[in-house]
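**Q** my questions are about this predicted structure, shown below with the sequence.
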Amino acid sequence: MKNKARVTIIGGGVVGSATAYYLAKNGLTDVVLLERDYLSSGSTGRCGGGIRQQWSERMNVRLAMRSVEHFKNFEKEVGLDIEYFQGGYLLLAYNEEEEALFKKNVAMQQEEGLDVVLLSREETTRKFPFMNLEGLKLSAYCPSDGHANPHLTTFGYARAAEKMGVEVVTHTQAKRVLLENGKIKTVVTDRGEIETGIVVNAAGGYSHQVGEMVGLNLPTESYRHQIFVTEPLEHILDPLVISFVNNFYIRQTESGNFIMGQGDRDELPGLEITPTWKFLKEMSDKMPRFFPFLRDVRILRHWAGLYNMSPDAQPIIDRSNEVEDFYFAIGFSGHGFMLAPAVGEALAEWIVFGEPRSVDISNLSLQRFERGFTREKNVV
Ligand SMILES: Cc1cc2nc3c(=O)[nH]c(=O)nc-3n(C[C@H](O)[C@H](O)[C@H](O)COP(=O)(O)OP(=O)(O)OC[C@H]3O[C@@H](n4cnc5c(N)ncnc54)[C@H](O)[C@@H]3O)c2cc1C
């Protein structure tokens with residue numbers, strides 16, 4: 001590991017790797033990407049891989065739409081097939097409140113240029129006949145949503161960054177950040193020190209702890225989220241399907257397996273990622289009601305990861321006012337994989353050119369929590 005770098009990124013998930021890639025692409029290659037375990041070992045490698053542009057907050061729609069442009073060109077631009085598939089996202093509305101919210105959201109998303117439509121219950125049934133849609137009011141369907149493999153996406157960015165000169169250092173943990181007169185001097189790791197002027201906190205579930213290393217109290221906390229994967233079946237499900245009131249999401253992978261998860265309102269903040277029987281029981285009782293073909297399908301593997309939450313369930317992309325050149329891209333809730341390309345790009349531009357150029361991220365600043373904010377509602 002080199003002992004001096006202009007930029008040190010803490011966290012080798014998809015956000016840190018995308019940032020490293022775009023820094024190098026913009027000519028800043030004197031960068032170390034630090035990962036305490038292996039690349040994508042955090043939330044990224046534990047996520048559902050979903051890529052959705054249907055959000056209730058306009059900023060999330062914009063970032064997701066920008067990211068989709070990058071996902072579409074990933075193989076050509078970054079040089080790796082990431083199993084990207086645009087099979088759409090189908091959001092199911094089951095009550096009047098959701099119906100009204102979906103109508104409002106779809107109008108805003110269409111204003112942003114998204115190819116999203118509302119489908120009646122009959123239209124949804126005709127298009128997706130293998131689901132039990134009893135009680136459905138309507139659905140929102142966006143065919144350009146999709147999914148990809150999060151491990152491959154992270155490896156793709158990191159390897160491409162490495163080829164351009166970035167040093168990717170795995171199995172090495174940042175322990176402390178030393179400051180001098182409010183300026184970053186050194187990142188101390190368990191394998192030596194890196195003299196550095198700029199630090200990016202891309203530590204996912206550990207973003208708060210990395211903030212504390214420079215004396216900041218960043219408003220993020222982590223919650224366990226669980227997910228499982230079944231044995232493969234013949235391909236039947238193109239879109240990723242979500243119900244907010246029934247609390248589930250499900251998608252079928254390229255190899256036919258079904259991946260599905262739910263949120264748990266009883267979870268307390270923390271860093272615990274042991275999977276629970278409660279989740280297995282609740283999901284395996286619930287899912288065959290909506291997807292009858294799952295009734296006799298076996299579960300292969302069950303795991304958990306962390307949602308790093310901000311107060312409004314939208315990411316915080318900012319530079320500290322207190323500690324010079326301390327940047328952070330944190331608090332992604334359940335949507336950091338899909339937003340990573342646009343966020344990595346904008347953050348790298350900010351560092352290299354002094355401002356984000358590709359997308360205006362000013363309302364994702366830390367200061368928004370003092371001004372007042374609205375919460376992203378489309379979260380499982
Ligand atoms: C069950 C589940 C399902 C999800 N589904 C989706 C989905 O379908 N679509 C979507 O977009 N998002 C989804 N998410 C959210 C998504 O996984 C995250 O928002 C995203 O992966 C965040 O990426 P990241 O790079 O910021 O964090 P991470 O992937 O967690 O990367 C941070 C890295 O920092 C490392 N690190 C931490 N501290 C240190 C340190 N001190 N020194 C060195 N390294 C350190 C960690 O080891 C980790 O690898 C899901 C999350 C979970 C848990």
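**A** Right, received. Where do you want to start? Numbering: from 1, shown residues only.
**Q** all helices of the protein, in order?
**A** Along the chain, counting by DSSP state H, helices occupy 14-25, 58-72, 74-78, 96-111, 121-127, 150-163, 207-212, 277-290, 336-353, 368-371.
**Q** out of the ones you listed, flag the one nearest the ligand.
**A** Evaluated over the helices of the chain, closeness to the ligand peaks at helix 336-353, with 2.2 Å, by CB to the nearest ligand atom. Quick note: C-beta positions are derived from backbone N, CA and C, even for glycine.
**Q** who's in contact with His208?
**A** Asn217, Leu218, Thr220, Glu221, Ser222 (CB atoms under 8 Å, 6 or more residues apart in numbering).
**Q** try it again at 7 Å.
**A** His208 makes contact with Leu218, Thr220, Glu221 under the criterion CB atoms under 7 Å, 6 or more residues apart in numbering.
**Q** so Met59 touches Ser365, yeah?
**A** No: with contacts counted by CB atoms under 7 Å, Met59 stays clear of Ser365, the gap being 11.1 Å.
**Q** tell me the centre residue of the chain?
**A** Gly336 (1.5 Å; CA atoms, centre = their mean).
**Q** about what we covered before: and Met59 and Ser365? Which one has more around it.
**A** Between Met59 and Ser365, counting by other CB atoms under 10 Å, Met59 is the more crowded of the two (19 against 15).
**Q** what's the nearest residue to the more buried one if we skip its chain neighbours?
**A** Asn363 (5.8 Å; CB to CB, 6 or more residues apart in numbering).
**Q** ok, that neighbour touching Glu57?
**A** No: look at Asn363 against Glu57 with CB under 7 Å: they stay out of range, at 9.3 Å.
**Q** neighbour count winner among the two?
**A** Glu57 (20 against 14).
**Q** quick one: name the residues of the stretch 1-150 of the chain near the ligand.
**A** 10-16, 34-37, 41-44, 46-50 (CB under 6 Å from any ligand atom).
**Q** just the ones of these in strands?
**A** Here DSSP state E is the test, and these give Ile10, Leu34, Gly50 as lying in strands.
**Q** most neighbours, which of those?
**A** Ranking those using other CB under 10 Å puts Leu34 first, with 28 neighbours.
**Q** can you give me the pLDDT of it?
**A** Per-residue pLDDT puts Leu34 at 98.
**Q** name the residue of the stretch 51-200 of the chain that lies nearest to the ligand.
**A** For the stretch 51-200 of the chain, CB to the nearest ligand atom, closest residue to the ligand: Ala174, 3.7 Å.
**Q** does the closest residue to that residue other than its chain neighbours have beta-bridge partners, and which?
**A** Closest residue to Ala174 apart from its sequence neighbours, by CB to CB, 6+ apart: Ile10 at 4.6 Å. Residues in a beta bridge with Ile10, per DSSP bridges, are Leu34, Asn201.
**Q** and of the ones in strands among the residues of the stretch 1-150 of the chain next to the ligand, the nearest to the ligand?
**A** The closest of those, once distances to the ligand are taken by CB to the nearest ligand atom, is Gly50, at 3.1 Å.
**Q** residues in contact with that closest one?
**A** Here Gly50 is in contact with His147, Leu240, Tyr249, Arg251, Met338 (CB under 7 Å, 6+ apart).
**Q** so the first one versus Glu234, what's the distance?
**A** Note on His147: its distance to Glu234, by CB to CB, to the nearest Å, is 18 Å.
**Q** compare the two (neighbour count), which wins?
**A** His147 (29 against 7).
**Q** who's the more buried one bridged to?
**A** Assigned bridge partners for His147, using DSSP bridges, are Gly50, Phe85.
**Q** where along the stretch 251-380 of the chain do the strands fall?
**A** In the stretch 251-380 of the chain, the segments counted as strands under DSSP state E, counting those that start in this stretch are 258-262, 299-309, 316-319, 326-330, 332-333.
**Q** list the strands paired with the fourth one, with their directions.
**A** I take that to be strand 326-330. For strand 326-330, pairing defined by DSSP bridges yields strand 192-201 (parallel), strand 316-319 (antiparallel).
**Q** which of those sits most buried?
**A** Sort the strands paired with strand 326-330 by mean neighbour count, taking mean count of other CB atoms under 10 Å, and strand 316-319 sits at the top with a mean of 22.
**Q** what residues does it touch?
**A** 310, 326-331, 343, 346-347, 350, 361, 364-366.
**Q** check the offset of it from the chain's centre.
**A** Centroid displacement of strand 316-319 relative to its chain, using CA atoms, centre = their mean, to the nearest Å, is 15 Å.
**Q** can you check stretch 255-274 too?
**A** 14 Å.
**Q** what's the answer for stretch 100-113, then?
**A** Going by CA atoms, centre = their mean, where stretch 100-113 is centred and where its chain is centred differ by 22 Å.
**Q** avg pLDDT for it?
**A** 97.
**Q** can you check stretch 308-320 too?
**A** In the prediction, stretch 308-320 has an average pLDDT of 96.
**Q** just the C-alphas of that stretch, formatted as PDB.
**A** Output of stretch 308-320 as PDB, limited to C-alpha atoms (Å, rounded to 0.1, in the frame of the first residue of the first chain):
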ATOM      1  CA  ASN A 308     -27.800   3.000   6.200                       C
ATOM      2  CA  MET A 309     -30.700   5.500   6.900                       C
ATOM      3  CA  SER A 310     -30.700   9.300   6.900                       C
ATOM      4  CA  PRO A 311     -33.700  11.200   8.500                       C
ATOM      5  CA  ASP A 312     -35.500  11.500   5.100                       C
ATOM      6  CA  ALA A 313     -34.500   8.100   3.500                       C
ATOM      7  CA  GLN A 314     -32.500  10.000   0.800                       C
ATOM      8  CA  PRO A 315     -28.700  10.000   0.500                       C
ATOM      9  CA  ILE A 316     -26.500  12.700   2.000                       C
ATOM     10  CA  ILE A 317     -24.000  13.800  -0.600                       C
ATOM     11  CA  ASP A 318     -21.900  16.600   0.800                       C
ATOM     12  CA  ARG A 319     -18.600  18.100   1.900                       C
ATOM     13  CA  SER A 320     -18.100  19.000   5.500                       C
END
